[in-house]
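Novice: Sequence plus predicted model, see below.
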Amino acid sequence: MIKVGWLFYKNGELFLLNLLNNNLPLVKNINNLLLTGYYLTNIGYAIITIAYWQSIENTIELINSLTTTLGKIIMLLALLHYNNIFWLKYLTKSNYIKQ
């Protein structure tokens, strides 16, 4: 998950630069906030998952538990990612209309 966050950070910078008319200080700040939020979401979800982890008796239960947990966090992160993209595009479009 660390590699995925870093890839979003690097590629997202180009996307944000294009979206925000090459305003580098603003892009750096937004990108750092998004990366921090990504890592905090992962850490928080991992802590909650470990705190409420049920006892596992065999390998099948382990695989089932891991796939369910990973599926939930991937879906949550995808939802947050597309939500961020939507709002960034919406806010920049409304900004263009006002200018």
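Specialist: Nice, I can see it. Numbers count the residues shown, from 1 in each chain.
Novice: which stretches of the chain form helices?
Specialist: Across the chain, reading from the start of the chain, the helices by DSSP state H fall at 2-19, 24-51, 59-98.
Novice: Report the distance from the second one to the chain centre.
Specialist: Taking C-alpha atoms, centre = their mean, to the nearest Å, the mean C-alpha location of helix 24-51 is offset from the chain mean by 7 Å.
Novice: Counting by contacts, list what it packs against.
Specialist: Helix 24-51 sits against helix 2-19, helix 59-98, with contacts defined as 3 or more C-beta pairs under 8 Å, 6 or more residues apart in numbering; DSSP states H and E. Just so you know, the C-beta spots here come from the backbone N, C-alpha and C atoms, and that holds for glycine as well.
Novice: Need those in a markdown table (columns: mean neighbour count, distance to Val27 and mean pLDDT).
Specialist: Formatted as a markdown table, the entries for the helices and strands packed on helix 24-51 read as follows, by neighbours: other C-beta atoms under 10 Å; distance: least, C-beta to C-beta, whole Å; pLDDT from 0 to 100:
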| stretch | mean neighbour count | distance to Val27 | mean pLDDT |
| --- | --- | --- | --- |
| helix 2-19 | 14 | 4 | 85 |
| helix 59-98 | 12 | 11 | 84 |
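Novice: now the ones you listed in JSON lines, with distance to Tyr52?
Specialist: Compiled in JSON lines, these are given as follows (distance: least, C-beta to C-beta, whole Å):
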{"stretch": "helix 2-19", "distance to Tyr52": "23"}
{"stretch": "helix 59-98", "distance to Tyr52": "10"}
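Novice: And those: which comes nearest Ile30?
Specialist: Among these, helix 2-19 comes nearest to Ile30, with 5.9 Å by C-beta to C-beta.
Novice: from the middle of its chain, how far away would that closest one be?
Specialist: Once both centres are worked out by C-alpha atoms, centre = their mean, helix 2-19 turns out to sit 11 Å from its chain's centre.
Novice: just use 9 as the starting number from now, easier for me
Specialist: In the new numbering, first residue 9, that becomes helix 10-27.
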